[in-house]
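K.L.:
Everything below, folded, please.
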Amino acid sequence: MIFFTPGFVSTRRIPSEDSVKRGHCCVARRDAFVHQFRRPWLIRQAFFKREAHHAVSHHQMRANLLARLAKINTHHMVLFARFVQKMQSTPDGDGTLLDNSIIIYGAGMSNSNAHTPRDLPIALAGGAGGQIKGGRHLRMPAGLPLANLHLTVLDKMGVPVEHLGNSTGELKILSEV
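P.N.:
Numbering: from 1, shown residues only. This is a model prediction of the structure:
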């Protein structure tokens, strides 16, 4: 399982080639990393000279800042897509490294201007060795804790726990193959 946050992918062309290598040779086949690097000066250099990502995220609904934030977010997703493609092209057993992995990409806020921790945009990639059906867009019910996703992922990794934080149960819909 690999967690990536937007601050991490903004600092690398492809989110950590080492992550692909570590996943490919992981002896226990169960590993977790959290990547989050805050280097706002790299964003300033890449997109515009004056504002850091955090400052732009407090956009106050101003069109110019929303446009800059969209550009940064698009950049993050392009880098994440490259990473996922790299995992998809790496053979692993009877499939690919992506087929046998779980990758969570997301942020802790849906509206960074208001610090809204609900209705989070989360991307889940990988098949967990055939345990997760992919290629879908799922909209979860309002108020569903993100911890339910984490609880489900832990179970898919062979680490069953009864509850995690404010979880209310596993997301059975992920396993509907």
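K.L.:
Now do the phi/psi pair for Thr116.
P.N.:
phi -80, psi 110 (degrees, to the nearest 10).
K.L.:
That one reaches Ser110, doesn't it?
P.N.:
Yes - if you go by C-beta atoms under 8 Å, Thr116 and Ser110 touch, sitting 5.0 Å apart. No exception for glycine: its C-beta is placed from N, CA and C like everyone else's.
K.L.:
between these two, who's got more neighbours?
P.N.:
Neighbours per residue, other C-beta atoms under 10 Å: of Thr116 and Ser110, the larger number sits with Ser110, 15 against 12.
K.L.:
Verify the contact between the more buried one and Ile122 for me.
P.N.:
No - Ser110 lies out of contact with Ile122 (C-beta under 8 Å); the separation is 9.9 Å.
K.L.:
what comes up buried for stretch 76-90?
P.N.:
His76, Leu79, Phe80, Phe83, Val84, Lys86, Met87, Thr90 (16 or more other C-beta atoms under 10 Å).
K.L.:
May I have that stretch as CSV, with CA atoms only?
P.N.:
What follows is stretch 76-90, C-alpha atoms only, in CSV (Å, rounded to 0.1, in the frame of the first residue of the first chain):
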residue,chain,number,x,y,z
HIS,A,76,0.0,16.5,-9.5
MET,A,77,-2.4,14.2,-11.3
VAL,A,78,-0.2,13.9,-14.3
LEU,A,79,2.7,12.8,-12.1
PHE,A,80,0.5,10.3,-10.3
ALA,A,81,-0.7,8.9,-13.6
ARG,A,82,2.9,8.4,-14.7
PHE,A,83,3.7,6.5,-11.5
VAL,A,84,0.6,4.3,-11.9
GLN,A,85,1.6,3.6,-15.6
LYS,A,86,5.1,2.7,-14.4
MET,A,87,3.6,0.2,-12.0
GLN,A,88,1.3,-1.2,-14.7
SER,A,89,4.3,-1.8,-17.0
THR,A,90,6.3,-3.6,-14.3
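K.L.:
That stretch: how far from the chain's middle?
P.N.:
Distance of stretch 76-90 from the chain centroid (C-alpha atoms, centre = their mean, to the nearest Å) equals 11 Å.
K.L.:
Same check on stretch 86-99?
P.N.:
Centre to centre, stretch against its chain (C-alpha atoms, centre = their mean), the figure for stretch 86-99 is 18 Å.
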